[in-house]
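Enquirer: Build me a model:
(4 chains)
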Protein chains: 2
Amino acid sequence: MREMGAKRDELVERVTDWAWQHGLVGLSLRPVAAALGTSDRMLIYHFGSKEQLIVEILRCSAARSSQELRSLPASASPRQAVLDQWRLRTTERQAQCDRIYVEAATLGLFGQQPYAAEVIAMNEVWLDAVRLHLVSSGVPADRSRDIAELVDAALMGFELDRPLTTDQPVGLVALAQAVEALAAAPR
Amino acid sequence: MREMGAKRDELVERVTDWAWQHGLVGLSLRPVAAALGTSDRMLIYHFGSKEQLIVEILRCSAARSSQELRSLPASASPRQAVLDQWRLRTTERQAQCDRIYVEAATLGLFGQQPYAAEVIAMNEVWLDAVRLHLVSSGVPADRSRDIAELVDAALMGFELDRPLTTDQPVGLVALAQAVEALAAAPR
DNA sequence: GATGGTATGTAGCAGTCGCTACAGAAATCC
DNA sequence: GGATTTCTGTAGCGACTGCTACATACCATC
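Expert: All right, here's what the predicted structure looks like:
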């Protein structure tokens, strides 16, 4: 496993850019390399294998998106926090990143090595960012963990179906209302 | 486009079985055919193309799972309905079918022909089954549509992350509580 | 018993896949 | 300045992809 080289770091960023636009599933070395002005030969040289390259994409992708969520300003209410998180996630950038995540799940990467450990860590970081934003928007801390899980899961579900309609999902309003109620209700 | 032949109908069922176990993403004709005791040659003969074969798998898969949900008995309360739907979806059979659905979404099938129209119809049927079960479990009809969307999205989201943990997601309880509250609350 | 659709096996085409062997440049170190 | 390490191009391997051409059965109908 080689770790050195600024060339490699630059490649990770650019390959991740490519994956955000074109997805993970159909990814094959030659087209990616061509788009980056290099060759499959070089990708294997720098990363050792396609598998390792994908690990790097996942890491880079997760780091980017979590940071974006963490820099989202607090919302005026729990209800509004849900709507604002949805707005962020339907941003083209975030949607592309979510796509990577779903693709990884789909490919069965979540259950198997060497991805499993990576993804669990990534997910923890992401979920914590969701939670923190909810807390800073008025969700009581002692309920923030399960509400964050609910919000994250529901938004992911809405996003999966997004290509099916052009409208905002009606379930989103229900989610926002539900979160407002959960935040106010006793445990 | 050929439509005749009981052989073909039998093949659809068996190919769908295979897809439920092995997924849609890596599907290639020769291994599938071998597992079914036939040849890639015959699959192309009966279905015309791999693309058409996948359309048939999606149809068959959706028909099976919707029927299973429709035969789920009514629950004692909206809260319990959520838990019961989760129990159904974490059944191996249903989880496999959900996987097919997610894979189709992942592969970008949802936005493009010839899949788009198919999938929209499938999703409508499925969502209606979710809605009906909720209504029969005490959710008021005039709120059933958006609550169903919420439940479906959230359960799908939970399921995506299921390989990450062995525990029941804590967000599930929050979802159940939220649905109970939404069912009781005024619009 | 000839005819025509249904079904199937064999062989192969043209392309892609991840990856490697071999060689040569360029830079860095002793 | 020789040696070593880092980087890159060319060419190709063996496996696999969806799909097709060609031949050959089976089986029903007339």
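Enquirer: Next, work out how far apart residue A:182 and residue B:82 are.
Expert: 13 Å (C-beta to C-beta, to the nearest Å). Backbone N, C-alpha and C define where each C-beta goes, glycine included.
Enquirer: now residue A:54
Expert: Applying C-beta to C-beta to residue A:54 and residue B:82 gives a distance of 35 Å.
Enquirer: just the strands in chain A please.
Expert: In chain A, no strands are defined using DSSP state E.
Enquirer: follow-up on the earlier one: which of residue A:54 and residue B:82 has more neighbours?
Expert: Ranked by neighbour count (other C-beta atoms under 10 Å in any protein chain shown), residue A:54 and residue B:82 place residue B:82 first, with 28 against 23.
Enquirer: Please name the residues that touch the more buried one.
Expert: B:151, B:155, B:172, B:175, B:176, B:179 (C-beta atoms under 8 Å, 6 or more residues apart in numbering or on different chains).
Enquirer: again, only this time at 10 Å
Expert: B:75, B:133-134, B:137, B:139, B:147, B:150-151, B:154-155, B:172-173, B:175-180 (C-beta atoms under 10 Å, 6 or more residues apart in numbering or on different chains).
Enquirer: From these, list the buried ones, please.
Expert: B:75, B:133-134, B:137, B:139, B:147, B:150-151, B:154-155, B:172-173, B:175-180 (16 or more other C-beta atoms under 10 Å in any protein chain shown).
Enquirer: Just want the most central residue of chain A.
Expert: residue A:98 (4.1 Å; C-alpha atoms, centre = their mean).
Enquirer: quick one: that residue and residue A:160 touch, right?
Expert: Yes. Applying C-beta atoms under 10 Å, one finds residue A:98 in contact with residue A:160, separated by 8.9 Å.
Enquirer: Does stretch A:42-57 reach DNA strand D?
Expert: Yes. If you take C-beta under 7 Å from any atom of the strand as the test, stretch A:42-57 does meet DNA strand D, through A:42, A:45.
Enquirer: Any residue of that stretch touching DNA strand C?
Expert: Yes. Stretch A:42-57 lies within reach of DNA strand C by C-beta under 7 Å from any atom of the strand, at A:44, A:49, A:50, A:51.
Enquirer: Sitting in helices, which of those residues do you find?
Expert: A:44, A:50, A:51 (DSSP state H).
Enquirer: Would you format those residues as TSV with neighbour count and pLDDT included?
Expert: Below are those laid out as TSV (neighbours: other C-beta atoms under 10 Å in any protein chain shown; pLDDT from 0 to 100):
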residue	neighbour count	pLDDT
A:44	15	96
A:50	15	96
A:51	11	94
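Enquirer: tell me which parts of chain A are close to DNA strand C?
Expert: A:27, A:28, A:29, A:30, A:31, A:40, A:41, A:44, A:49, A:50, A:51.
Enquirer: Now tabulate the residues of stretch A:42-57 next to DNA strand C in JSON lines and tack on distance to residue A:94.
Expert: Converted to JSON lines, these look like this (distance: C-beta to C-beta, whole Å):
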{"residue": "A:44", "distance to residue A:94": "31"}
{"residue": "A:49", "distance to residue A:94": "29"}
{"residue": "A:50", "distance to residue A:94": "26"}
{"residue": "A:51", "distance to residue A:94": "26"}
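Enquirer: Quick check: the two most widely separated of those?
Expert: Using C-beta to C-beta, those span at most 10.9 Å, a distance reached by A:44 and A:51.
Enquirer: which stretches of chain A aren't confidently modelled?
Expert: A:1-5, A:187 (pLDDT under 70).
Enquirer: Repeat the analysis, applying 80 as the threshold.
Expert: A:1-6, A:111-114, A:186-187 (pLDDT under 80).
Enquirer: ok, residue A:49 - how many residues close by?
Expert: 11.
Enquirer: What values do phi and psi take at the closest residue to DNA strand C within chain A?
Expert: Across chain A, the shortest distance to DNA strand C (C-beta to the nearest atom of the strand) belongs to residue A:28, at 3.0 Å. When quoted as degrees, to the nearest 10, the phi and psi of residue A:28 stand at phi -130, psi 150.
Enquirer: measure it to residue A:34 for me?
Expert: Residue A:28 is 10 Å from residue A:34, by C-beta to C-beta.
Enquirer: which neighbours do the two share?
Expert: residue A:40.
Enquirer: hmm, stretch A:111-122 in reach of chain B?
Expert: Yes. Residues of stretch A:111-122 contacting chain B under C-beta under 10 Å from any C-beta of the partner chain: A:111, A:112, A:116, A:119, A:120, A:122.
Enquirer: near DNA strand D, which residues of chain A?
Expert: A:4, A:5, A:6, A:7, A:8, A:38, A:39, A:40, A:41, A:42, A:45.
Enquirer: Quickly note the distance from the fourth one to residue A:44.
Expert: Separation of residue A:7 from residue A:44 (C-beta to C-beta): 14 Å.
Enquirer: Residue B:17 versus the nearest residue to residue A:154 once chain neighbours are set aside, what's the distance?
Expert: Excluding the flanking residues, the one nearest residue A:154 by C-beta to C-beta, 6 or more residues apart in numbering or on different chains is residue B:154, at 4.1 Å. The spacing between residue B:154 and residue B:17, counted by C-beta to C-beta, is 29 Å.
Enquirer: surely residue A:40 meets residue A:34?
Expert: Yes. In this structure, residue A:40 is within contact of residue A:34 by C-beta under 10 Å, at 8.6 Å.
Enquirer: Which of these two has more residues huddled nearby?
Expert: Using other C-beta under 10 Å, the more surrounded residue of residue A:40 and residue A:34 is residue A:40, with 15 against 11.
Enquirer: how about the nearest residue to that one, chain neighbours excluded?
Expert: residue A:29 (3.8 Å).
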